[in-house]
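Asks: compute the structure for the input listed below.
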Amino acid sequence: MQTPTLNGYLERYVRSLSLNNTNSIYKLADEVNDNHRLREPLFLYALCTGKVDLLLRATKGGALHSLYSEMARSYTLSIMLSSLESNDSLLDESYHKAYNSYTCRRDMPKTNFRSKMLMHNKIKRLQKEKSVSNYRLYTDLGLNPGNVNAFLKSGDARKVSLETARKMISYLENL
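Replies: Okay, here's the model as predicted:
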């Protein structure tokens, strides 16, 4: 799985928030007054894609034009990223929420790897306590022997999903 970029993430995020399933700045600007969840992610998207001027033209005469103009005067992309990473309290919480969603998605493979390795240790401990072989574990649960052995013998976390690791733990705990 590729690590998502902030631009790519915001593109998909804004499209998913849009009632029209679009990334068109003009269409999003028309929609933002009725769709308040779109307000801050739209500015972040425009900032990351270099379309702030387009957003300002699209909102000209609208209620959000002054807010977006002020944000554009105060934040360049580098200042915005720095503020988001430092959790700047001057920045509206919705900007932080959108950025935190991105960082969770970006860091998911690392988090999943750590979780699976913790589960690996727990499975190995439970196997030893309950005298359960790898063979019995993958046979009783109907799992792929090669993947289970690679995970349990070599610690190759890529070979099993979180769900499979949870199944193994649940099985061992209920013996």
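
Asks: contacting residues for residue 54?
Replies: 25-26, 46 (C-beta atoms under 8 Å, 6 or more residues apart in numbering). All C-beta spots, glycine's among them, are computed from the backbone N, C-alpha and C.

Asks: of those, grab the buried ones for ChimeraX.
Replies: Those of the contacts of residue 54 that count as buried under 16 or more other C-beta atoms under 10 Å are selected in ChimeraX with:
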select :25,46
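
Asks: closest to residue 172 out of the contacts of residue 54?
Replies: residue 46 (51.0 Å; C-beta to C-beta).

Asks: among the contacts of residue 54, which lie within helices?
Replies: Among the contacts of residue 54, DSSP state H puts 25-26, 46 in helices.

Asks: dump those residues to a markdown table, plus distance to residue 135 and pLDDT.
Replies: Shown next, in a markdown table, are the ones in helices among the contacts of residue 54 (distance: C-beta to C-beta, whole Å; pLDDT from 0 to 100):
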| residue | distance to residue 135 | pLDDT |
| --- | --- | --- |
| 25 | 59 | 96 |
| 26 | 62 | 95 |
| 46 | 57 | 97 |
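
Asks: output these as TSV; include the columns distance to residue 168.
Replies: Output for those, formatted as TSV (distance: C-beta to C-beta, whole Å):
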residue	distance to residue 168
25	48
26	52
46	46
